[in-house]
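**Q** here are the coordinates; sequence isn't available:
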């Protein structure tokens, strides 16, 4: 399955990237293809394009803050979780898909 | 109800995430320029650093730091409101926050609504914009809504409200200052412990910033000891954890030992966030350990009369600190406490394999 994800924590120097890594690792393990956009202190990195979002089945939003350019995700099904959840128990998130 | 609170927490954190670099930049530049003044004896009759006697370049650095720091209520309120209402939230949030930063005179003392005012007005501005968005509008007015009608109406609402709230909120800040000045030593220790615990609890998050802003606001009231206690507590979580990885290498993974060095560096420049990579993978053991260390540091600093003249913490502010030796003692004691606590807890709760999953 094609999945897109966004991670964003308040400070944006540690949790954001750790959550992204966990999501990527877990997706690989479960045989999904995933692209994770990080919105940390550096701003948007690994930005998701319009076509990547439209081509995905679901968007995982592991965010504790309001993200930048949220309107890109208006037309896709979203699973919203705290950043902590993506770091600690990413399997549970994928189980909701 | 719970969901509503959750959402508001998210709005506040959005504001905090944008304001952190402003605070770090302003705090460090102010600390550096004050340090220069102290170092080269540009001090006034009371022994406080006097920037006006410094070379122009140092004065400029100080001005830049102060301006970066002064922007924080505006940026904080602006992005709280942005988190809530999107782009149209920026105008009333920034305007309201900027007004919260205006200096007020309360009881003959200068004060401002600052951080507290910015939090409140940011949330209100966001709500106002969201309400205005729902106004039924004839079609021809639609295009002018986001660029004329919403900004003007919401800025008026947030601005008028903040102008009315400025003095009451500033009064609260001044009253807090009075209460603190009159504290007996027993309650001073209690206050220092609370501040220390808050500083370490979320490592740079909203609880940490609440304690920090309190200390910074008290600097304006010429009470430097609150910030002194905070300054010692701010750096001990990363310093203590970094130290722990050095003292007991086999209890930590390769990656954690690497983060340990980074944490030491962050601790030296007073960035509590350096502790996050450790706490994230292992919060139940790490957070109590760093809280304990920070409480020890802030208490020693408070009892030792450590005062900090710059709104920043860690060894980097040493030159602008009163009672420097006690400041150093407080930091060392706090860091050692944290290191001992976490290594002891690890010793008793795990066999030999380090916990995976904590890396930066």
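**A** Received, thanks. Remember, predicted model here, so these are calculated numbers, not experimental data.
**Q** Now tell me what touches the helix-or-strand element of chain A with minimal mean pLDDT from outside.
**A** Here the helix or strand of chain A ranked lowest by mean pLDDT, DSSP states H and E is helix A:83-88, holding a mean of 88. The contact list for helix A:83-88, computed with C-beta atoms under 8 Å, 6 or more residues apart in numbering or on different chains, reads A:7-9, A:15-16, A:18-19, A:22-23, A:60, A:62-64, A:92-93, B:280-281, B:357. Where C-beta positions appear, they are placed from N, C-alpha and C, glycine not excepted.
**Q** Filter those down to the buried ones, PyMOL style.
**A** The PyMOL selection below is limited to those of the contacts of helix A:83-88 classed as buried (16 or more other C-beta atoms under 10 Å in any protein chain shown):
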select buried, (chain A and resi 7+8+9+15+16+18+19+22+23+60+62+63+64+93) or (chain B and resi 280+281)
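**Q** How many residues are close by residue 83?
**A** Since no chain was named, I'll use chain A. 23 (other C-beta atoms under 10 Å in any protein chain shown).
**Q** Chain B, not that one
**A** 27.
**Q** name the helices or strands packed onto the longest helix along chain B?
**A** Counting by DSSP state H, the longest helix found in chain B is helix B:2-39. In this structure, helix B:2-39 makes packing contacts with helix B:56-70, helix B:72-85, helix B:114-133, helix B:206-220, judged by 3 or more C-beta pairs under 8 Å, 6 or more residues apart in numbering or on different chains; DSSP states H and E.
**Q** tell me which residues in the helix or strand containing residue B:339 are buried?
**A** In this assignment (DSSP states H and E), residue B:339 forms part of helix B:324-349. Neighbour-count burial for helix B:324-349 flags B:326-343, B:345-346 (criterion: 16+ other C-beta under 10 Å).
**Q** where does the residue of the stretch 1-150 of chain B found nearest chain A land on pLDDT?
**A** Among all residues of the stretch 1-150 of chain B, residue B:83 sits closest to chain A, at 3.5 Å; criterion: C-beta to the nearest C-beta. At residue B:83, the pLDDT value in this model is 93.
**Q** Can you tell me the closest non-neighbouring residue to it?
**A** residue B:14 (3.0 Å; C-beta to C-beta, 6 or more residues apart in numbering or on different chains).
**Q** just the residues of chain A that are near chain B, which are they?
**A** A:8-15, A:17-18, A:41, A:64-66, A:70, A:87 (C-beta under 8 Å from any C-beta of the partner chain).
**Q** switch to 6 Å and redo it
**A** A:10, A:11, A:12, A:14, A:15, A:64, A:65, A:66 (C-beta under 6 Å from any C-beta of the partner chain).
**Q** Just give the nearest non-adjacent residue to the fourth one, would you?
**A** What it means is residue A:14. Residue A:14 sits nearest to residue B:276 (C-beta to C-beta, 6+ apart), 4.2 Å away.
**Q** Surely that neighbour and residue A:16 touch.
**A** No - using C-beta atoms under 6 Å, residue B:276 makes no contact with residue A:16, being 10.5 Å away.
**Q** if we can go back for a sec, could you report the neighbour count for the residue nearest to residue A:14?
**A** Based on other C-beta under 10 Å, the number of other residues close to residue B:276 is 29.
**Q** That one falls within a helix, correct?
**A** Yes - judged by DSSP: H, G, I helix; E, B strand; the rest coil, residue B:276 forms part of a helix.
**Q** hey, where'd the helices end up in the stretch 151-300 of chain B?
**A** Along the stretch 151-300 of chain B, counting by DSSP state H, counting those that start in this stretch, helices occupy B:185-201, B:206-220, B:225-247, B:254-268, B:276-281, B:283-303.
**Q** who does the shortest one touch, helix- and strand-wise?
**A** Packing partners of helix B:276-281 (3 or more C-beta pairs under 6 Å, 6 or more residues apart in numbering or on different chains; DSSP states H and E): helix B:283-303.
**Q** Each with direction, which strands does the helix or strand just after the helix it packs on pair with?
**A** Sequence order places strand B:307-308 as the next helix or strand after helix B:283-303, per DSSP H and E. Strand B:307-308 pairs in its sheet with strand B:321-322 (antiparallel), by DSSP bridges.
**Q** Identify the residues contacting the residue of the stretch 1-150 of chain B closest to chain A.
**A** A:66, B:11, B:14 (C-beta atoms under 6 Å, 6 or more residues apart in numbering or on different chains).
**Q** so can I have TSV of these showing distance to residue B:178?
**A** Output for the contacts of residue B:83, formatted as TSV (distance: C-beta to C-beta, whole Å):
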residue	distance to residue B:178
A:66	37
B:11	32
B:14	33
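**Q** Closest one of those residues to residue B:182?
**A** Among the contacts of residue B:83, residue B:11 lies closest to residue B:182 (C-beta to C-beta), at 35.7 Å.
**Q** With distance to residue B:252 as extra columns, can I get the helices and strands packed on helix B:2-39 in TSV?
**A** Below are the helices and strands packed on helix B:2-39 laid out as TSV (distance: least, C-beta to C-beta, whole Å):
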stretch	distance to residue B:252
helix B:56-70	36
helix B:72-85	36
helix B:114-133	36
helix B:206-220	24
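**Q** So which bits of the longest helix of chain B are buried?
**A** B:8, B:10-20, B:22-38.
**Q** quick one: buried residues of stretch B:147-165?
**A** Result for stretch B:147-165 [16+ other C-beta under 10 Å]: buried residues B:149, B:150, B:151, B:153, B:154, B:155, B:157, B:158, B:159, B:161, B:162, B:165.
**Q** Please state the mean pLDDT value computed over it.
**A** pLDDT averaged over stretch B:147-165 gives 95.
**Q** Contacts for that stretch, please.
**A** Contacts of stretch B:147-165 (C-beta under 6 Å, 6+ apart): B:88, B:91, B:92, B:95, B:96, B:99, B:100, B:121, B:125, B:128, B:129, B:132.
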